[in-house]
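Engineer: generate a structure from the sequence data that follows.
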Amino acid sequence: MKGSSRVGELALLLFLCLCVGLGEGARLTENDLLRVYHPSGYLSFVFDQGNMSLAETDFVLSYGHPIRSVNITSSVYAMGSVRAHTEDSVLISAQDSSFDNVQVYEASPESSSLLTPLVSFDLMRTMLQVCQNVSRSSGLLPCENLSTFFPYRGATGAAAFAFRGWDELGVAVGSQSIVVESADTKSVRILGYNGTFDAACEIEDHCPRFVPGSNDRLLVFVRGYPVSDIMYAADLTTGEEWMLKDSEGRPLPNVTTISGCPQFVDEPTSTSTSSSFIYVGDTGTEDDPVSGLVQVNLQLSDVAADVASADVATLGVEVSYRINWPIPRVDVPNWADVLKWSMCEPLHVQGGVDMSEDNDKAASWQMTCRSADDKVGLLDGVSGHVVKNFTVPHTFNWCITDDCYHARIIRGGNNEQRLQADDDGPLEGERGPQHLMLEVEGEGAREVKRVVS
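Structural biologist: Take a look at the predicted model:
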């Protein structure tokens with residue numbers, strides 16, 4: 001059985017002969033599922049209580065409520081930064097208790113519900129030594145322990161994440177920086193670590209992303225300053241870091257605070273030297289502060305794809321960007337002046353084929369975003385048109401990081417769910433049957449009996 005516990009199963013699976021308008025190139029049908037990996041449970045900082053697991057929730061594309069939701073890991077105090085690289089490799093950040101440091105883990109839901117530390121003892125010792133050397137030379141209290149955040153894996157299996165050092169009083173030692181560990185030799189590169197006490201403590205590098213087609217040589221990430229978050233890039237062979245600017249020397253729009261990480265339209269395993277990523281950026285002015293979905297296009301030089309010469313040549317990157325659509329701020333219950341959409345990411349289908357494969361990059365492609373009222377929305381990436389909103393089940397305060405969920409398309413998944421239900425029969429939960437209203441745009445509402453455990 002997959003996972004440690006069942007959050008809920010659909011007793012009566014639906015066969016909805018409705019097609020969602022997702023563009024001809026994507027050719028999605030009612031037999032495809034939207035699978036969302038997300039924290040499930042609750043977290044209360046006020047009462048210092050938390051019990052969260054990683055959940056895998058499936059939605060039929062034409063239905064806004066889940067047809068299946070299963071906890072696939074053991075529980076912890078808090079959880080976030082979810083990245084599903086395969087069905088049996090999901091990277092997360094988690095905190096065992098309120099007294100423990102946040103660390104990065106790998107979940108393998110196909111084989112175990114246990115979380116495996118992503119950072120080895122030797123790598124943790126290397127990072128701690130760097131932090132301790134700096135704290136001694138700067139006259140600070142010794143660096144005693146570390147936190148790790150924002151895990152990500154590249155095409156070669158290389159791992160990248162952010163880390164922060166702390167002294168015995170819980171005060172930050174130096175900047176929050178990016179660490180990259182190669183998959184084969186386990187060589188380590190620490191980017192931009194600054195151990196001075198003053199301004200460095202306010203610098204937070206986060207959201208590392210390997211650039212598809214660079215053979216995990218090129219990394220983009222967000223460098224957070226007290227007044228702005230800026231898009232940066234790093235050449236992992238030379239160690240060079242630079243602020244991303246377009247061909248005319250204009251910096252990319254600043255990253256809107258607490259809006260999500262940059263996400264590539266292409267899968268990490270793509271071999272194309274042309275790739276695109278999106279993020280929510282500050283696209284207005286001081287007099288008219290607004291945000292928008294920024295699409296950045298990267299063109300790597302030929303040498304970037306040449307593995308044999310990549311270790312000696314300078315990597316060439318041509319950058320351009322466009323603002324696809326504005327993202328307004330809205331008021332919702334319990335919150336005021338929040339982004340209508342954040343945490344946006346392009347959709348990919350199971351098996352590593354990206355959703356734009358049948359389309360030109362400038363044509364229609366699909367994405368998901370977190371809404372201001374804590375739903376996961378399916379949107380057109382170019383126009384911002386909202387196709388459907390999906391309600392994430394059984395959660396309270398579930399999104400506490402910049403990277404709190406990951407969604408993928410599972411081709412034919414609804415057929416598999418239906419066949420499994422026919423074999424297993426209905427599953428009744430402890431609370432007994434409940435009635436939910438299935439709302440279908442343009443067709444009114446139908447009453448559907450389903451069981452929620």
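Engineer: so Thr185, which state does it fall into?
Structural biologist: Using DSSP: H, G, I helix; E, B strand; the rest coil as the criterion, the local structure at Thr185 reads coil.
Engineer: burial count for Tyr63?
Structural biologist: 22 (other CB atoms under 10 Å). C-beta: built from backbone N, CA, C; applies to glycine.
Engineer: repeat that for the one 5 residues further on.
Structural biologist: Other residues lying near Arg68 total 23 when counted by other CB under 10 Å.
Engineer: same thing with Gln299?
Structural biologist: Residue crowding around Gln299 was assessed by other CB under 10 Å; the count is 16.
Engineer: now Ile323
Structural biologist: Other residues near Ile323 number 14, with proximity taken as other CB under 10 Å.
Engineer: give me every residue that touches it.
Structural biologist: Residues near Ile323 by CB atoms under 8 Å, 6 or more residues apart in numbering: Pro253, Gly281, Thr283, Gly292, Leu293, Val294, Gln295.
Engineer: go again with 6 Å.
Structural biologist: Thr283, Gly292, Val294 (CB atoms under 6 Å, 6 or more residues apart in numbering).
Engineer: nearest residue to it in space, please, no chain neighbours.
Structural biologist: When the adjacent residues along the chain are set aside, Ile323 lies closest to Gly292, with 4.6 Å between them (CB to CB, 6 or more residues apart in numbering).
Engineer: next one: Trp398
Structural biologist: According to CB to CB, 6+ apart, the nearest residue to Trp398 is Pro39 (4.9 Å).
Engineer: just the element for that neighbour, please.
Structural biologist: Taking DSSP states H and E as the criterion, Pro39 maps to strand 33-44.
Engineer: for that strand, list every residue counted as buried.
Structural biologist: Leu33, Leu34, Arg35, Val36, Tyr37, His38, Pro39, Ser40, Gly41, Leu43 (16 or more other CB atoms under 10 Å).
Engineer: go on, stretch 379-386?
Structural biologist: In stretch 379-386, residues buried by neighbour count (16+ other CB under 10 Å) are Leu379, Asp380, Gly381, Val382, Gly384.
Engineer: same question, stretch 121-131
Structural biologist: Using 16+ other CB under 10 Å, the residues of stretch 121-131 that count as buried are Leu123, Met124, Thr126, Met127, Leu128, Val130, Cys131.
Engineer: if we can go back for a sec, packing partners for the one helix or strand the residue nearest to Ile323 maps to?
Structural biologist: Gly292 is part of strand 291-300 when elements are defined by DSSP H and E. For strand 291-300, the packing partners by 3 or more CB pairs under 6 Å, 6 or more residues apart in numbering; DSSP states H and E come out as strand 274-282, strand 317-327.
Engineer: export stretch 98-109 as PDB, just CAs?
Structural biologist: Included here for stretch 98-109 are C-alpha records, laid out as PDB according to Å, rounded to 0.1, in the frame of the first residue of the first chain:
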ATOM      1  CA  SER A  98       9.500  23.600  16.900                       C
ATOM      2  CA  PHE A  99      12.900  23.200  18.600                       C
ATOM      3  CA  ASP A 100      14.600  21.600  15.600                       C
ATOM      4  CA  ASN A 101      16.100  23.200  12.600                       C
ATOM      5  CA  VAL A 102      14.500  23.000   9.200                       C
ATOM      6  CA  GLN A 103      16.200  20.500   7.000                       C
ATOM      7  CA  VAL A 104      15.800  19.100   3.400                       C
ATOM      8  CA  TYR A 105      14.600  15.600   2.900                       C
ATOM      9  CA  GLU A 106      13.700  13.200   0.100                       C
ATOM     10  CA  ALA A 107      10.500  11.200   0.100                       C
ATOM     11  CA  SER A 108      10.100   8.000  -1.800                       C
ATOM     12  CA  PRO A 109       6.400   7.400  -1.600                       C
END
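Engineer: pLDDT of it, averaged?
Structural biologist: On average, the pLDDT along stretch 98-109 is 91.
Engineer: next one: Gly412 from His65, what distance?
Structural biologist: According to CB to CB, to the nearest Å, Gly412 and His65 sit 20 Å apart.
Engineer: can you check Pro117 too?
Structural biologist: According to CB to CB, Pro117 and His65 sit 35 Å apart.
Engineer: which one's more surrounded, these two?
Structural biologist: Each of Pro117 and His65 has its neighbours counted (other CB under 10 Å); His65 has more, 20 against 14.
Engineer: now do the SS call for that one.
Structural biologist: coil.
Engineer: repeat that for Ile400.
Structural biologist: Assigned state for Ile400: coil (three-state reduction, three-state DSSP).
Engineer: show me what the nearest residue to it once chain neighbours are set aside is bridged to.
Structural biologist: Across the structure, with CB to CB, 6+ apart as the measure, the residue nearest Ile400 apart from its sequence neighbours is Gly80 (5.2 Å). The bridge-partner assignment for Gly80, based on DSSP bridges, gives Ser93.
Engineer: which residues are contacting stretch 90-110?
Structural biologist: For stretch 90-110, the surrounding residues in contact (CB under 6 Å, 6+ apart) are 3, 37, 48, 54, 72-73, 76-84, 88, 115-118, 145, 147-149, 151, 161.
Engineer: cool, stretch 375-390 as well?
Structural biologist: Outside of stretch 375-390, the residues within contact range by CB under 6 Å, 6+ apart are 20, 36, 59, 64, 324-325, 364-365, 367-369, 371, 391.
Engineer: which of those residues count as buried?
Structural biologist: So, by 16+ other CB under 10 Å, the buried ones in those are Val20, Val36, Phe59, Gly64, Asn324, Trp325, Ser364, Trp365, Met367, Thr368, Cys369, Ser371.
Engineer: can you tell me which of these is nearest Met231?
Structural biologist: Asn324 (16.0 Å; CB to CB).
Engineer: could you check how far that closest one is from Asp48?
Structural biologist: 41 Å.
Engineer: can you check Pro393 too?
Structural biologist: For Pro393, the distance to Asp48 equals 25 Å [CB to CB].
Engineer: name the SS class of Cys131, please.
Structural biologist: helix.
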